[in-house]
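1. Structure for the following, please:
(one chain, ligands or ions: 1)
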Amino acid sequence: MKEQIFLLIKLQKADSEIEGINTRKRDLPEEKEALADKLKTFEDAIEESKGKLDDLNKTHRERETHLNNGTENLKKTRSKLLEVKTNKEYEATLKEIDSINMKNSRIEDEIIYILDDIENTRKNLETKESELADYRTIYDRKAEKIETELNSIDSVLDKMMKKYYKVREKINPAFLKKYDIIKERRNGYAVAPVWKEVCEGCHMNIPPQMYNELQKPEKLILCPNCNRIIYWESREISEG
Ligand SMILES: [Zn+2]
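-> Okay, here's the model as predicted:
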C-alpha cells in the first residue's frame, strides 16, 4: 500500500510538472513577442525624433534663406535712399526699410526658437538612443534565454511524459481510475499531503481518527472535504 501511495504522489508530481512545462510552452512565445514589441516602441520613438529633427533642420534652412533674402533686400532699399528725389519718396523708402527690418527681426526670432528646438530634440534623441542601447542588451539576453528554453522544451516534455507513463504502469488500475477522475474534477490536483490534520488540497481539517490511519497507510484514503487522495507528510524537519 505504501508503495502504491508513493507512486500516486510521484504521478501527481510528474503531472504538475508536465502542466508547468505546457504552460511555459504556451507563454514563452508571448513573452518573446512582448519583448520585441517593447524594442519596437523604443525604435519607433527614435524614428519619430529623427523625423522631427529632419523637419526642424529643413525649416531652419528655409528661414536662413529668407533672412539672407531679407538682408539683401535691406541693402538694396538702403541704397535707394541715395537716389530718391522727393521728400515723399524718401519717407516712403524709410517706411519700407522699417518694415523689412521688422520682418527680418521676426525671422531671426524664429531662427533662435528653431535652434533651441533642434538642440532639445537632439538631446532627446541621444537619451532615447542610449535607452535603446540599454534595452537592446536586456532584450538580447532575454530573447536568447527564451529561444534556448523553447528549443529544448519539447525534449524536456517528452522525457517527463515518458517518466509519467512509466509511473502509471506500476499503479493499480483501480487507483489509477480514481486518480484520473479526481484530477479531472480538481483542476489537475488529485493527490494532496496532509500535515497536522490539515489537507493541503482544501486547507480543511480531517478527523483525528482519519489522521491516525493516514500515518499507517493500509488503504487509499480520500479527503472528506475535497475528495482528493490524501497522504501523511511529515513537515517536522522543514519546520525546524
Ligand atoms: Zn481536502
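2. Please make it C-alpha for all contacts and neighbour counts, starting now.
-> OK.
3. Which residue ranges of the protein form strands?
-> Taking DSSP state E, the strands of the chain run over residues 191-195, 198-199, 229-232.
4. Go ahead and name everything in contact with the second one.
-> With CA atoms under 8 Å, 6 or more residues apart in numbering as the contact definition, strand 198-199 has outside contacts at 192-193, 204-206, 223, 230.
5. quick one on the thing from earlier: quickly compare the strands of the chain and say which is most buried.
-> Ranked by mean neighbour count, the strands of the chain are led by strand 229-232 with a mean of 24 (mean count of other CA atoms under 10 Å).
6. From the centroid of the protein, which residue is nearest?
-> Geometric centre of the chain, nearest residue: Ala34, 4.8 Å, by CA atoms, centre = their mean.
7. ok, now how distant is it from Glu144?
-> Going from Ala34 to Glu144 by CA to CA, to the nearest Å gives 14 Å.
8. Quick check: which ranges of the protein have low pLDDT?
-> Scanning the chain for pLDDT under 70 picks out 238-240.
9. Contact residues of this protein facing the ion?
-> For the chain, the residues in contact with the ion (CA under 5 Å from the ion) are 199, 201-202, 223, 226.
10. And the buried ones among the residues you listed, selectable in ChimeraX?
-> ChimeraX command restricting these to the buried ones, with burial defined by 16 or more other CA atoms under 10 Å:
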select :199,201,223,226
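11. Format the CA atom coordinates belonging to stretch 82-97 as PDB.
-> The C-alpha coordinates for stretch 82-97 follow below in PDB (Å, rounded to 0.1, in the frame of the first residue of the first chain):
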ATOM      1  CA  LEU A  82      20.700 107.900 -52.100                       C
ATOM      2  CA  GLU A  83      18.700 108.100 -55.300                       C
ATOM      3  CA  VAL A  84      15.400 109.400 -54.100                       C
ATOM      4  CA  LYS A  85      14.400 112.800 -55.400                       C
ATOM      5  CA  THR A  86      11.400 113.900 -53.300                       C
ATOM      6  CA  ASN A  87      10.700 114.000 -49.600                       C
ATOM      7  CA  LYS A  88       7.700 111.800 -50.100                       C
ATOM      8  CA  GLU A  89       9.800 109.200 -51.800                       C
ATOM      9  CA  TYR A  90      12.400 109.500 -49.000                       C
ATOM     10  CA  GLU A  91       9.800 108.900 -46.300                       C
ATOM     11  CA  ALA A  92       8.200 106.000 -48.200                       C
ATOM     12  CA  THR A  93      11.600 104.400 -48.500                       C
ATOM     13  CA  LEU A  94      12.300 104.800 -44.800                       C
ATOM     14  CA  LYS A  95       9.000 103.100 -44.100                       C
ATOM     15  CA  GLU A  96       9.900 100.300 -46.400                       C
ATOM     16  CA  ILE A  97      13.300  99.900 -44.500                       C
END
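12. which residues are in contact with it?
-> With CA under 8 Å, 6+ apart, stretch 82-97 has contacts from 74, 77-78, 80-81.
13. Present those as CSV; the columns should include neighbour count and distance to Gly51.
-> Output for the contacts of stretch 82-97, formatted as CSV (neighbours: other CA atoms under 10 Å; distance: CA to CA, whole Å):
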residue, neighbour count, distance to Gly51
Leu74, 19, 35
Thr77, 16, 39
Arg78, 15, 41
Lys80, 14, 44
Leu81, 16, 45
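14. with these in mind, which one is nearest to Arg185?
-> Relative to Arg185, the closest of the contacts of stretch 82-97 is Leu74; by CA to CA it sits at 91.4 Å.
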